[in-house]
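> Got a sequence here, can you build the structure:
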Amino acid sequence: MYQYSLPFFIGLFEGAITTAPKDEDPDKRIENLNAEFTESLYRNICRSLFEKDKMIFSFLLCSKLNAIDAKEFRFLLTGGVVM
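Below you'll find the predicted structure:
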């Protein structure tokens, strides 16, 4: 069973703050922080996962980030059956 602590996530977030590209525009800075934190989270979590669990973690992360098109997601859920 995988368990990650709050200090683990705080460390990732603080690391993202220091490594994300700086920008004067607050919206762009937030975008950079989100991208850096997400990539760091993915790298660090996948490093400690069993190989069989990496694909499901990737799918869950993408679905939570709305990186999967709604039509593709519906196809995955229904198997392409016309309703």
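> so what secondary structure elements neighbour the least confident helix or strand in the chain by mean pLDDT?
Lowest on mean pLDDT, DSSP states H and E among the helices and strands of the chain sits helix 70-78, with a mean of 86. For helix 70-78, there is no helix or strand it packs on, judged by 3 or more CB pairs under 8 Å, 6 or more residues apart in numbering; DSSP states H and E. (C-beta placed from N, C-alpha, C; glycine too.)
> Give me the distance from it to the chain's centre.
19 Å (CA atoms, centre = their mean, to the nearest Å).
> Run through who's touching it.
S63, I68 (CB atoms under 8 Å, 6 or more residues apart in numbering).
> same thing with stretch 9-21?
By CB under 8 Å, 6+ apart, the surrounding residues in contact with stretch 9-21 are R29, N32, L33, A35, E36, F37, S40, L41, N44.
> Buried only: go through these for me.
Buried members of those, counted by 16 or more other CB atoms under 10 Å: N32, L33, E36, F37, S40, L41.
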